[in-house]
Each structure stands twice: as C-alpha cells, then as structure tokens.
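**Q** only geometry, no sequence info:
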C-alpha cells in the first residue's frame, strides 16, 4: 500500500532539527573553526603586530628624502631603528611618529594633526549594498591617516564587525557586553563613557571602537523609546553618536565610521554625527540601481531629522568608485556616466580591484600591513598606489575643511 506523500514528508521532517537549531549549530561550528584559524595566525600569547617600515617608506610617509632618513639614522639623530636581517634599517610606526616630532622645528611641521580652531573630522563611510567595498575603504582610510601621523579613531558600527576582525578583534570572542558603541549610546542606566570602550590597536595612532551583534539593540530600543515617551529622554536620538564622539574628541584629529549596510537608526545617527560623507559605489548597473534607492531613502529620512533640528551641514560629500577594473568597458561607461551626472562629487581616484588586497585579507591584513615581499611586487605596488591615491584625495578634502592650503 503506497504511503501518503504528506505523511512521508511529515515523517522526514520529524527526524530533522528545526531550521533555527540547524542555523545555530552551523554558526557555532563556523565560529569554532574561525577561532582555531585565528589562533594559528595569531597565537593567544602573541598580539597582532604591525610590520616595520624601510627607510624609503619612512621618507615617503614623512615627506623627506630617503638619504636624509639614512643620514639621521647613521648620526643617531632622533629615534634609532633596528637593523633588519638584510642589514637595512627598519622603523616601527611608533619610531616614525617620534621622528616626525623630532623633525618638527620652528615653522617646519611634520605632525599633521589639527590645531586650535580646526574641528574634529568625522568621516562616515556608507552604502547599504553589500560588496561595495565599504569596510575595505574605511579600514584602509583609517590606517592611511594613522600612517601619516594623524590621531585616528575607527568606529565599527556594522554589526557584522568586519573592520573589528581586520583590526585583530574577533567580535564573538573579544568584544563583550557593552563593549561596542551601543554601550555609550544606549538609553538605560547601563550606559558607559565612550572613553571606557575605546581600545588601542597594534597600529600606533589608531584606536578602535569595536562592533558586534550587540549594535542591533539600538535598532530595537529606539522605536520603543520613541513610542513610549514620544522623545529621547536624554535629547534627540540622532544626536547620541555625535555626543558620544564629542566626549573623546579632544584625543583625535579624525574619526572614521564604518556604517551599517542598511538605513536604520544607527546609520542615521552616524550621518548626523559626520562632518563629511563618503559613499562607496561598485560600478555595476545593479549596484547603481541599488544606490539610487539608497539615496532616495536617505534623503527622505534625513529630511525628517533636519526638520527636527539635526545639523546636516557637511564639509563635503563624495562618491568613491570601488573594485574598479580598468579594462572592463561597461564599468568605464558607468564611471563616465556618474562623473557626468555628479561632476566633482565623484572622487577622481578610484579603488582598483586587486588580488593583492584579497591576498592580504586572507591573513586578516590590509595592503598597508602586508609587506611588499609577501606577494607579486608589481601587483602590490599597483594596489598601494591606487589606495594611496584615493586616500590622499580624501586627505586633501580634510585639509580644505580645516582651511589649509593644499599643494
């Protein structure tokens, strides 16, 4: 006698775990393997460390000649770097920063941080389309500024916390309760000062506010607060990120925020805290169509915030073309289309798609951390040149916002 198909289906389902149980088991298995991989890359007794820099790299970062850097090392004038196994001098980033201070005499200044009267620069990097290079752009931008002597705070507002992982903090293992920005902007008595949440990194001059799934709580709490009390008891909700950053602002020149990949209360709060906005764009037609929806929704939401008293006067807003393939004809057409449409709001420099960046990411490194000797040198040089070009253009915008002359 044939078995009823519905009964057979129910029998099979009764022997299978519920989908939430399957997903939970998968997440635990994946998390364990990621932790094992992390321990192999960075043993528990060894913290992640930044590589040393050659005299040529030091000269480029500071803005002097390589021969002058070598002269200073030989004369022991300033910080004395160690010799690498090949006999060449190699500087730590701390030594590079010390050399900047040592060389700053009179009117000649090699320390680029903001001075009296120059406001804190808060750069929000955003887009709600996955794969747009948002986190890659934010992580490299923060490191670029730190390499050049600025005091930088990176804020990971993405619950997926990819930037935190890249900077050496595994979100599910290293970031506990109240260990994200949520701890400084929550609505209850457990709120804590942001200064207690900020973490130093292995990258001198670069601090981090890490992220993890806890950030979702702000998205859940805010509607409840607005509904129950019709207002934020400690001021307008969209000012919470701004107020938190202001509490540590004197310690930094630049804040780089990696925004969540969706338009929620966190993103709106970040945009209200920002002095400038960088929107990443992958030059594919589906991504452009998605960006159109992003811009329309952002405009509508922020207009409500502005009418409620939010300050949305930015120093600048720019579109950054990411993962660009120079020999891809359709991508070139889309870039030309964007430049014709948005003019100077599209950065001249573009982040070129590179295997060097992907290869560095396999070991949780950026292209700035990976050594030139670890991969094909031409590929490495092209990737660094592209990244530097993009970030130098953004640095020029920051300097203009401070009222400085840009050469």
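**A** All right, it came through fine. Note that the structure is a prediction, hence the values are computed from the model and not measured.

**Q** show me where the stretch 151-300 of the chain dips below the pLDDT cut-off.
**A** The stretch 151-300 of the chain contains residues with pLDDT under 70 at 229-236.

**Q** mind listing the strands for it?
**A** 152-156, 199-200, 206-209, 254-258, 276-281 (DSSP state E, counting those that start in this stretch).

**Q** could you dump the ones you listed to TSV with distance to residue 49 and mean neighbour count?
**A** For every residue, glycine as well, the C-beta is placed using N, CA and C. Listed next are these as TSV, based on distance: least, Cβ to Cβ, whole Å; neighbours: other Cβ atoms under 10 Å:
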stretch	distance to residue 49	mean neighbour count
strand 152-156	18	28
strand 199-200	13	13
strand 206-209	14	24
strand 254-258	22	28
strand 276-281	29	23
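
**Q** how about TSV for those, with distance to residue 125 added?
**A** Shown next, in TSV, are the strands of the stretch 151-300 of the chain (distance: least, Cβ to Cβ, whole Å):
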stretch	distance to residue 125
strand 152-156	10
strand 199-200	20
strand 206-209	14
strand 254-258	6
strand 276-281	5
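
**Q** nearest to residue 106, of these?
**A** Proximity to residue 106 (Cβ to Cβ) singles out strand 254-258 among the strands of the stretch 151-300 of the chain, at 25.6 Å.

**Q** can you list contacts of that closest one?
**A** Contacts with strand 254-258, where a contact means Cβ atoms under 8 Å, 6 or more residues apart in numbering, come from 120-125, 134-135, 138-139, 141-142, 145, 150-158, 162-163, 211, 245, 270, 273-274, 398.

**Q** direction included, what does that strand pair against?
**A** Strand pairing for strand 254-258, determined by DSSP bridges: strand 121-126 (parallel), strand 152-156 (parallel).

**Q** which helix or strand contains the most centrally placed residue in the chain?
**A** Centroid-nearest residue in the chain, with Cα atoms, centre = their mean: residue 138, separated by 2.9 Å. Here residue 138, judged by DSSP states H and E, is contained in helix 134-147.

**Q** so for stretch 356-367, mean pLDDT?
**A** Mean per-residue pLDDT for stretch 356-367: 87.

**Q** how far does that stretch sit from the chain's center?
**A** 15 Å (Cα atoms, centre = their mean, to the nearest Å).

**Q** now do the buried residues in it.
**A** Within stretch 356-367, the residues scored as buried using 16 or more other Cβ atoms under 10 Å are 356, 357, 359, 360, 361, 364, 365, 366, 367.

**Q** next: stretch 155-171.
**A** Quick answer for stretch 155-171 (16+ other Cβ under 10 Å): 155-171.

**Q** run the chain-centre distance for it.
**A** 9 Å.

**Q** what's the burial count for residue 189?
**A** 5 (other Cβ atoms under 10 Å).

**Q** hmm, back to that, helices or strands up against the helix holding residue 138?
**A** helix 93-103, strand 121-126, strand 152-156, helix 162-166, strand 206-209, strand 254-258, strand 276-281, helix 377-401 (3 or more Cβ pairs under 8 Å, 6 or more residues apart in numbering; DSSP states H and E).

**Q** list phi and psi for the residue lying closest to residue 143 once chain neighbours are set aside.
**A** Closest residue to residue 143 apart from its sequence neighbours, by Cβ to Cβ, 6 or more residues apart in numbering: residue 368 at 4.8 Å. Backbone torsions for residue 368, taken as degrees, to the nearest 10, come to phi -70, psi -20.

**Q** any idea how far residue 304 is from residue 368?
**A** Residue 368 sits 39 Å away from residue 304, going by Cβ to Cβ, to the nearest Å.

**Q** the more surrounded of the two?
**A** Set side by side, residue 368 and residue 304 show more neighbours around residue 368, with 22 against 11, by other Cβ under 10 Å.

**Q** which ones are touching that one?
**A** Neighbouring residues of residue 368 by Cβ under 8 Å, 6+ apart: 140, 143, 144, 147, 384, 387.

**Q** the last one: neighbouring residues, count only.
**A** So that's residue 387. For residue 387, using other Cβ under 10 Å, the count is 25.

**Q** what is the burial count for the closest residue to it other than its chain neighbours?
**A** Take residue 387 and drop its neighbours on the chain: the residue closest to it by Cβ to Cβ, 6+ apart is residue 140, 5.4 Å away. Each residue near residue 140 was counted by other Cβ under 10 Å, and the total is 25.

**Q** touching, residue 140 and residue 391? I think so.
**A** Yes - between residue 140 and residue 391 there is a contact at 6.7 Å, judged by Cβ atoms under 8 Å.

**Q** by contact count, what packs against the helix or strand containing residue 59?
**A** Taking DSSP H and E as the definition, residue 59 sits inside helix 55-62. For helix 55-62, the packing partners by 3+ Cβ pairs under 8 Å, 6+ apart come out as helix 66-74, strand 89-91, helix 93-103.

**Q** for it, buried residues please.
**A** Going by 16+ other Cβ under 10 Å, helix 55-62 has these buried residues: 55, 57, 58, 59, 60, 61, 62.

**Q** what secondary structure does residue 320 sit in?
**A** strand (DSSP: H, G, I helix; E, B strand; the rest coil).

**Q** any idea how far it is from residue 251?
**A** Counting by Cβ to Cβ - residue 320 and residue 251 are separated by 27 Å.

**Q** over to residue 204?
**A** Distance from residue 204 to residue 251, by Cβ to Cβ: 14 Å.

**Q** hang on, the earlier thing: please produce JSON lines containing the strands paired with strand 254-258, extended by distance to residue 284.
**A** What follows is these, written out as JSON lines (distance: least, Cβ to Cβ, whole Å):
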{"stretch": "strand 121-126", "distance to residue 284": "18"}
{"stretch": "strand 152-156", "distance to residue 284": "26"}
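
**Q** I'm done for today, thanks for sticking with me.
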